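Asker: what's the 3D shape of this:
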Amino acid sequence: MQKVTTLTHQAHLAPHFKRLNEEWLVKYFEIEPIDQQVLSNPQDIIDHGGQIIYALLGDEVVGCVALKHHGEGVIELTKMAVTAVHQAHGIGAKLMAQSLQEFAKLGGKQLYLETHSSLQPAIKLYGRWGFVSKPYPFASEYARSDYYMEWAGHIEAFNA
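Answerer: Residues are numbered from 1 along each chain as shown. Okay, the predicted model is just below:
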């Protein structure tokens, strides 16, 4: 298998952000209005202090994840997707590693995510990277979201 590389958001990558996320949303759920809003304007994530990371195999964009800044160092890990043909090959782990480094660069203090309890492979991946399940501290914008996790790692590990 080719080496996986990552890139941060560039305008020409925006269609891949939408394509990759729509692929899994249609497979497991449905595309909600909040999804349409976020996926149709990825630059908004960047403009509000966040970042989007893309995973590439050669020139092929095969995965992505976004860090959406909510203010005061609170960042949401969202819109993580790896195209079906390339799942279970370590691409999600590469995206997670890069996400935690970007979280540190963004000056993040709290990192959380929302998902659905049926997505057990994703939940296991998040757990391996230090996310723990917690009760929701707010009402989710997503109808499908029923599982909340926060990163319990330490940012100092990235500043050493």
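Asker: quick one, helices of the chain?
Answerer: All helices of the chain, identified by DSSP state H, fall at 14-28, 33-40, 43-47, 91-105, 120-128.
Asker: residues of the third one that come out buried?
Answerer: Yep, that's helix 43-47 we're talking about. Residues 45, 46 are the ones in helix 43-47 that count as buried (16 or more other CB atoms under 10 Å). Backbone N, C-alpha and C define where each C-beta goes, glycine included.
Asker: Out of the helices of the chain, which gets nearest to residue 111?
Answerer: Residue 111 sits nearest to helix 91-105 of all the helices of the chain, at 5.3 Å, using CB to CB.
Asker: isn't residue 56 right next to residue 10, touching?
Answerer: No. Using CB atoms under 8 Å, residue 56 is not in contact with residue 10; the gap is 11.7 Å.
Asker: The two: which is more packed in?
Answerer: The neighbour comparison of residue 56 against residue 10 (other CB atoms under 10 Å) goes to residue 56, with 19 against 10.
Asker: Kindly state the beta-bridge partners for that one.
Answerer: For residue 56, the beta-bridge partners are residue 5, residue 61 (DSSP bridges).
Asker: Same question for stretch 118-127: list its buried residues.
Answerer: 119, 122, 123, 125, 126.
Asker: give me every residue that touches the spatially closest residue to the fourth one that is not a sequence neighbour.
Answerer: Nearest in space to residue 125, with sequence neighbours left out and distances taken as CB to CB, 6 or more residues apart in numbering, is residue 92 at 5.1 Å. Under the criterion of CB atoms under 8 Å, 6 or more residues apart in numbering, the contact list for residue 92 reads 63, 80, 82, 122, 125.
Asker: Which of those residues sits closest to residue 104?
Answerer: residue 80 (17.8 Å).
Asker: Quick check: bridge partners of the nearest residue to the closest one once chain neighbours are set aside?
Answerer: Nearest non-adjacent residue to residue 80, counting by CB to CB, 6+ apart: residue 65, 4.1 Å away. The partner list for residue 65 in beta bridges (DSSP bridges) reads residue 53.
Asker: State the distance from residue 65 to residue 135.
Answerer: 24 Å (CB to CB, to the nearest Å).
Asker: the more surrounded of those two?
Answerer: Between residue 65 and residue 135, residue 65 has the larger neighbour count (other CB under 10 Å), namely 27 against 5.
Asker: That one contacts residue 79, correct?
Answerer: Yes. Counting by CB under 8 Å, residue 65 does reach residue 79; the two are 6.5 Å apart.
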